[in-house]
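Trainee: Just to be clear, the model below is a prediction. Sequence and coordinates:
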Amino acid sequence: MADVSREGLIVLFVLIILVLIALKIFKYIIDYANDIKYIKMEIRRSFGGGEERYWRRELSNVRWCIIPFMTPDRVKRIRRNFKKR
């Protein structure tokens, strides 16, 4: 009888952990979508030239950051190394 309740607690604990991980992933996707939406709005609102280039670069940076090991600092470092000359 004690084994059944212990197994039930383990299953419950695993389910809680899985739900928390799913919520974290869901929040990450929502934040990513909101960032993309905001930057696209700024691109439409920009007057062209340097401002539009800036926002297109930011959009590219946000898209690169979807890769798990890519942080904004790493993206900027990589872009600096491959800058058009």
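Mentor: Sure, I can see it. Residues are numbered from 1 along each chain as shown.

Trainee: what's the next secondary structure element after the longest helix along the chain?
Mentor: In the chain, assigned by DSSP state H, the helix with the most residues is helix 2-45. Per DSSP states H and E, the first helix or strand lying C-terminal to helix 2-45 is helix 50-64.

Trainee: Taking helix 2-45 as reference, get the angle to that next one.
Mentor: 160 degrees (axes from the mean of the first three to the mean of the last three Cα atoms, to 10 degrees).

Trainee: so who does the residue nearest to Thr71 when sequence neighbours are not counted touch?
Mentor: Excluding the flanking residues, the one nearest Thr71 by Cβ to Cβ, 6 or more residues apart in numbering is Cys65, at 7.0 Å. All C-beta spots, glycine's among them, are computed from the backbone N, C-alpha and C. Contacts for Cys65 (Cβ atoms under 8 Å, 6 or more residues apart in numbering) come out as 71-72, 75.

Trainee: so where is this structure shaky, pLDDT-wise?
Mentor: 1-4, 84-85 (pLDDT under 70).

Trainee: Count the residues that sit near the closest residue to Arg56 other than its chain neighbours.
Mentor: Once flanking residues are discounted, Arg56 sits nearest to Ile43: 6.4 Å by Cβ to Cβ, 6+ apart. For Ile43, the count of nearby residues is 16 (other Cβ atoms under 10 Å).

Trainee: repeat for the one 10 residues further on
Mentor: Taking other Cβ under 10 Å as the criterion, the count of residues near Arg53 is 12.
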